[in-house]
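In: whatever this is, show me its structure:
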Amino acid sequence: MWRWVCVPGQAVSLELFRSVAMVLALLRQNMVQQLAAEMFGVSQSTVSRRFDALREIIETVLAEFVLTPAEVAGTSTVLVDGTLVPTWDWSHRSDLFSGKHHDTGFTLQIGATLGGKLVAVGAPVPGSRHDAHAWQAGGLAHQLAGMDHLADLGYVGVGEMLTGHKKPPGGEPTDNQKQVNTDFSGIHAAVERAIAHLKNWKILSGRYRGPLDKLPSIVRTVVTLAFFKSYF
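Out: Below is the predicted model of the structure:
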């Protein structure tokens, strides 16, 4: 079992329980580390070290609680949609601006049941990439392989995806196609609820301020926490 190692003659400035609470607060509220340092009575550098040290440990400990897509959805159709994790507009990155969301960040692909339960989450993909690309690049297509998928018009042309109907060039959709689109809009709200629940962890909905190379680890940790909170 992992534990803090205390050097003889030195006091531990923040015990393990409060350190974990601090990491969860950073993930849940997306607070700046200086504020967390003041709240927990430690230095900003201590906050940074504990956040990095404990985040992946939390992910590892809770990994057993992450259900497989089949365990959540069974043989039911899985709804798919993308959402943006907004970030700063880093000058060294030219691939973060999302025309769809009119902001900079990384796209997450989300799978959900028809009842709005979280099924799976893909890895973050630069925001400039289209949902149809992020579906494959982020690995959600692999996670949901062999299952039926339903998505919005942003995924038209993705072979394994059921979607609504786009307006044909120079014409109008048929009455049947319009009805299908209307029915789909009602069903699609379920995946939007799943996304909203996931982004209650505000580090994914507020503007992410940390190093970009840490974001995949943060996403994985939040996903494990979301599964643990939702199902256990």
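
In: did I read that right, Val85 in a strand?
Out: Yes: under DSSP: H, G, I helix; E, B strand; the rest coil, Val85 falls within a strand.

In: wait, it sits on Tyr208?
Out: Yes: the criterion here is CB atoms under 8 Å, and Val85 meets it with Tyr208 at 5.9 Å. To be clear about C-beta, it is placed using only N, CA and C from the backbone, and glycine gets the same treatment.

In: need the residues touching each of these two.
Out: Common contacts of Val85 and Tyr208 (CB atoms under 8 Å, 6 or more residues apart in numbering): 105, 215.

In: can you give me the domain boundaries for the protein?
Out: 10-65+210-232, 69-198 (automatic domain parsing).

In: what's the average pLDDT for the shortest one?
Out: With pLDDT averaged residue by residue, domain 10-65+210-232 scores 93.

In: grab the longest helix from this protein for me.
Out: Ordering each helix of the chain by length in residues (DSSP state H) puts helix 175-198 first.

In: can I get that one as PDB, trimmed to CA atoms?
Out: Output of helix 175-198 as PDB, limited to C-alpha atoms (Å, rounded to 0.1, in the frame of the first residue of the first chain):
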ATOM      1  CA  ASP A 175     -40.900  14.400 -44.600                       C
ATOM      2  CA  ASN A 176     -39.700  11.100 -43.400                       C
ATOM      3  CA  GLN A 177     -36.100  12.400 -43.100                       C
ATOM      4  CA  LYS A 178     -37.400  15.400 -41.200                       C
ATOM      5  CA  GLN A 179     -39.200  13.200 -38.800                       C
ATOM      6  CA  VAL A 180     -36.100  11.100 -38.300                       C
ATOM      7  CA  ASN A 181     -34.100  14.200 -37.500                       C
ATOM      8  CA  THR A 182     -36.700  15.400 -35.000                       C
ATOM      9  CA  ASP A 183     -36.800  12.000 -33.300                       C
ATOM     10  CA  PHE A 184     -33.000  12.000 -33.200                       C
ATOM     11  CA  SER A 185     -32.800  15.400 -31.600                       C
ATOM     12  CA  GLY A 186     -35.000  14.100 -28.700                       C
ATOM     13  CA  ILE A 187     -32.800  11.000 -28.200                       C
ATOM     14  CA  HIS A 188     -29.600  13.000 -28.500                       C
ATOM     15  CA  ALA A 189     -30.300  14.900 -25.400                       C
ATOM     16  CA  ALA A 190     -29.300  11.900 -23.300                       C
ATOM     17  CA  VAL A 191     -25.600  12.100 -24.400                       C
ATOM     18  CA  GLU A 192     -25.700  15.800 -23.600                       C
ATOM     19  CA  ARG A 193     -26.800  15.000 -20.100                       C
ATOM     20  CA  ALA A 194     -23.900  12.500 -19.700                       C
ATOM     21  CA  ILE A 195     -21.500  15.200 -20.900                       C
ATOM     22  CA  ALA A 196     -22.900  17.700 -18.500                       C
ATOM     23  CA  HIS A 197     -22.400  15.300 -15.600                       C
ATOM     24  CA  LEU A 198     -18.800  14.600 -16.600                       C
END
